[in-house]
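quick one: sequence plus predicted model below, questions after.
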Amino acid sequence: MAVHTISFEPDDRYNAFLKVCAKPSHGEGKLTGIAVAVKDNISTQGIETTCASKILKGYIPPYDAHAVGLIKATGAAVAGKTNMDEFGMGTSTENSAFGPTLNPCDTGRVPGGSSGGSAAAVAAGMVRMALGTDTGGSIRCPAAFCGIVGLKPTYGRVSRYGLIAYANSLETIGPMAKNVADVSLLMSVIAGHDRKDTTSYNKPYTHTPSADIKGLRIGIPEEYFGKGVDPEVASVVRKAIGRLEELGAVTVPCSIPSMEYALAAYYVICTSEASSNLARFDGVRYGPAADTKKSWHAAYQDVRKQGFGPEVRRRIMLGTFALSSGYYGKYYAKAQIARENVRKDFTRLFSNVDVLCGPTMPTIAFKLGEKSDPLSMYLSDILTVPVNLAGIPAISVPCGKVQGMPVGLQVMGRQFEDERVIDVAYAYEQAVKQ
Amino acid sequence: MVTEKDVEHIGELADIGIDTAELATFTGQFNAIVEYFDVLDRVQGDGAVARDLYNVLRDDIVEPSLSQDEATRNAGAQEDGFIKAPRVM
């Protein structure tokens, strides 16, 4: 295959990139010569991959993530690695060891997180598309805050091989772009079976978006317009849903009672998985070297204290606590039951409706430094985490503005019906374009 | 109620390395978050999660993989092509 190069010299005034590849090479295929930005927790052979953490500074992966291999094989040029909350832990991209990313719509505000660098790079027009990852909303939140489109695919539809794990049972790689057609195009490249990921499912994505949603049944969960949701955001999203009704969709009021404890369950599960996954960062195989003259625990503690930021240390400790003797039954075991209840709620609703719609985020992008208390930051994930607990697909598509800042419409679908959420987002996007 | 002593113990278990000066902040944040987690006390259900698939593993066949040099290249401390680790005993 012929190898070409492109020139990539973005004006990155938003700190969207941790690493820019100035002359990336590319082959030929569906994505010939398209510059694609890759979130920095996705392994790229020969390109430094840090998860925005000091503990991986200088780490050069010896292999590509499966999704990266696929975009390269279809002609894309890997344009660089994008900023993020350290290891994906955050909702604002302020938890990066290399400084926050700024929102291109208002540089005094956060771009959302944790895929904030990918969203900002797309929103600012530096790249046409980007790969992000979504553990509890990390693709949809920055897509909503920056006014772009982001898809969290069904769990298992895109291989996680080479994604540096934070919470494996929740996270997935997904596409981000300015419009639904490009999100669909990138999804068609990265979806499909990979034997190197044991949770990978053999269901390729070959869909072309269709704007025909006549007769589609849309559930409107009351919790998505309730307490904690900014009334102005709710109003913009209701108007967008009205537009879908004008296109022939039928809306049905409904409720997700398990939302009461979904966020708590999510944080118990993700921190528990993080405490196990992040045990590998000890300065032995990668990252700043541990002092081999010291004892095992002393050497590890030195490396981890200096290498991890405060939010990562907090989550590792919370997970260690939730899994510890005497607390496992109270937290982790209960969270698993709660997770199953969330899944059952979605299954029940999807027997009567085709998709669910609501806001992606309860507010517009917050100001830099506005959420200094960890719990208040966690609470802003309330509308995105249920999808990850259930493993279903969801998309965020821009649907208007509040105080000049973008608002995202979230469309959630049945497991493996990524095509349908794409169609609903596409129908809305095409209708407002006219 | 999580105490500073609890947080110190958890920090030890997780090899996270906590300074005495950090204990009060971490403990305060811990208590706020754990108090929020208490909503899980209201969760009803039997906890039995049935799955159709269980342990999807490939046959244990040796396949091409990274070379020794590629696998050890990122280690900060090496000796004779091997990774050096802190002493265990």
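The structure has been received and is ready for your questions.

contacts, neighbours, all on C-alpha from now
Noted.

which SS class is A:A299?
Three-state assignment for A:A299 (DSSP: H, G, I helix; E, B strand; the rest coil): helix.

any low-confidence regions in chain B?
For chain B, the stretches with pLDDT under 70 are B:47-48, B:50.

show me where chain B has its helices.
Here chain B has its helices, by DSSP state H, at B:4-13, B:20-37, B:68-72.

kindly report the same for the stretch 301-434 of chain A.
A:310-323, A:334-349, A:374-379, A:385-390, A:418-433 (DSSP state H, counting those that start in this stretch).

list the helices and strands the third one packs on?
Secondary structure elements in contact with helix A:374-379, counted by 3 or more C-alpha pairs under 8 Å, 6 or more residues apart in numbering or on different chains; DSSP states H and E, are helix B:20-37.

elements contacting the helix it packs on?
Packing partners of helix B:20-37 (3+ C-alpha pairs under 8 Å, 6+ apart): helix A:259-277, helix A:374-379, helix B:4-13.

mind redoing it with 10 Å?
helix A:259-277, helix A:310-323, helix A:374-379, helix B:4-13 (3 or more C-alpha pairs under 10 Å, 6 or more residues apart in numbering or on different chains; DSSP states H and E).

looking at chain B, which residue lies furthest from center?
With C-alpha atoms, centre = their mean as the measure, chain B has its most outlying C-alpha, relative to the mean C-alpha position, at B:D80: 29.9 Å.

quick check: that one vs B:T72, distance?
Taking C-alpha to C-alpha, to the nearest Å as the measure, B:D80 falls 11 Å from B:T72.

need the pLDDT of whatever residue of chain A ends up closest to chain B.
Using C-alpha to the nearest C-alpha, the closest approach of chain A to chain B is made by A:T292 at 3.8 Å. As predicted, A:T292 sits at a pLDDT of 88.

do A:K203 as well
The score at A:K203 is 95. That number is its pLDDT.

residues contacting the nearest residue to it once chain neighbours are set aside?
Spatial nearest neighbour of A:K203, chain neighbours left out: A:G192 (5.4 Å); criterion: C-alpha to C-alpha, 6 or more residues apart in numbering or on different chains. Applying C-alpha atoms under 10 Å, 6 or more residues apart in numbering or on different chains, we find A:G192 in contact with A:67, A:70, A:156-159, A:200-206.

what about A:G192, distance to A:V158?
Distance, A:G192 to A:V158, by C-alpha to C-alpha: 6 Å.

what's the answer for A:T271, then?
Separation of A:T271 from A:V158 (C-alpha to C-alpha) stands at 23 Å.

show me which of those two is the more surrounded one.
Neighbour count, other C-alpha atoms under 10 Å in any protein chain shown: between A:T271 and A:V158, A:V158 has more, with 30 against 26.

my guess is that one contacts A:H193. True?
Yes: taking C-alpha atoms under 10 Å as the definition, A:V158 is a contact partner of A:H193 at 7.4 Å.

intersection of neighbour lists for those two?
A:66, A:199-204.

in contact with residue 89, which residues?
As the question left the chain open, I've gone with chain A. Shown in contact with A:M89 (C-alpha under 10 Å, 6+ apart): A:51, A:95-96, A:113-114, A:135-136, A:138, A:166-167, A:270-271, A:274, A:311-312, A:315, A:378.

not quite, I wanted chain B
Contacts for B:M89 (C-alpha under 10 Å, 6+ apart) come out as A:295-296.

out of the helices of chain B, nearest to A:G413?
Proximity to A:G413 (C-alpha to C-alpha) singles out helix B:20-37 among the helices of chain B, at 27.6 Å.

what residues sit buried inside that closest one?
For helix B:20-37, burial by neighbour count (16 or more other C-alpha atoms under 10 Å in any protein chain shown) applies to B:23, B:26-27, B:30, B:33-34, B:37.

do the same with stretch B:56-76
For stretch B:56-76, the neighbour count (16+ other C-alpha under 10 Å) marks B:71-76 as buried.

A:E232 contacts A:M361, correct?
No: counting by C-alpha under 10 Å, A:E232 stays clear of A:M361, with 11.9 Å between them.

you'd agree A:N95 is up against A:K54?
No: with contact defined as C-alpha under 10 Å, A:N95 does not reach A:K54; the gap is 11.6 Å.

of those two, who's got more company?
Per other C-alpha under 10 Å, whichever of A:N95 and A:K54 has more neighbours is A:N95, with 26 against 20.

which strands and helices sit next to the helix or strand containing A:V236?
Secondary structure assigned from DSSP states H and E places A:V236 in helix A:231-246. Packing contacts for helix A:231-246, counted by 3+ C-alpha pairs under 10 Å, 6+ apart, involve strand A:217-221, strand A:250-254, strand A:355-359, strand A:394-402, strand A:405-413, helix A:418-433.

so for it, mean pLDDT?
Helix A:231-246 shows a mean pLDDT of 98.

what are the neighbouring residues in contact with A:S118?
A:S118 touches A:16-17, A:36-40, A:80-84, A:101, A:111, A:126-127, A:129-133, A:139, A:142-143, A:175-177, counting by C-alpha under 10 Å, 6+ apart.

can you list phi and psi of it for me?
The phi and psi values for A:S118, taken as degrees, to the nearest 10, are phi -60, psi -40.

what's the pLDDT at the residue lying closest to A:D345 once chain neighbours are set aside?
Nearest non-adjacent residue to A:D345, counting by C-alpha to C-alpha, 6+ apart: A:I256, 6.0 Å away. Model confidence at A:I256, given as pLDDT, is 98.

pretty sure A:I256 sits against A:F350.
No: counting by C-alpha under 10 Å, A:I256 stays clear of A:F350, with 11.5 Å between them.

any shared contact partners between the two?
Counting by C-alpha under 10 Å, 6+ apart, the residues touching both A:I256 and A:F350 are A:K344.

count of neighbours near the nearest residue to A:P359 once chain neighbours are set aside?
Among residues not flanking A:P359 along the chain, A:L409 sits closest, at 4.9 Å (C-alpha to C-alpha, 6+ apart). Other residues lying near A:L409 total 28 when counted by other C-alpha under 10 Å.

state the distance from A:L409 to A:A249.
15 Å.

OK, now which residue of chain B is nearest to chain A?
Going by C-alpha to the nearest C-alpha, chain A is nearest to B:P86 of chain B, at 3.8 Å.

what residues are up against that residue?
A:283-284, A:289-300, B:77.

out of the residues you listed, which end up buried?
Among the contacts of B:P86, the ones that count as buried by 16+ other C-alpha under 10 Å are A:283-284, A:289-292, A:296-300, B:77.

now, which of these sits nearest B:I10?
For the buried ones among the contacts of B:P86, the nearest to B:I10 is A:H297 (13.5 Å; C-alpha to C-alpha).

distance of the nearest residue to that closest one once chain neighbours are set aside from A:K293?
Leaving aside its sequence neighbours, A:H297 sits nearest to B:D15 (C-alpha to C-alpha, 6+ apart; 6.4 Å). As for B:D15, its distance to A:K293 is 17 Å (criterion: C-alpha to C-alpha).

can you check A:T198 too?
In this view, A:T198 and A:K293 are 38 Å apart by C-alpha to C-alpha.

contact partners for the residue nearest to A:C357 when sequence neighbours are not counted?
Using C-alpha to C-alpha, 6+ apart and skipping the chain neighbours, the partner closest in space to A:C357 is A:V411 (4.7 Å). Shown in contact with A:V411 (C-alpha under 10 Å, 6+ apart): A:151, A:218-219, A:355-360, A:393-397, A:420-425.

do that again at 6 Å, thanks
A:356-357, A:394-395, A:421 (C-alpha atoms under 6 Å, 6 or more residues apart in numbering or on different chains).

and chain A, which residues reach chain B?
A:198, A:264, A:284-286, A:289, A:292, A:295-296, A:301, A:304-305, A:337 (C-alpha under 6 Å from any C-alpha of the partner chain).
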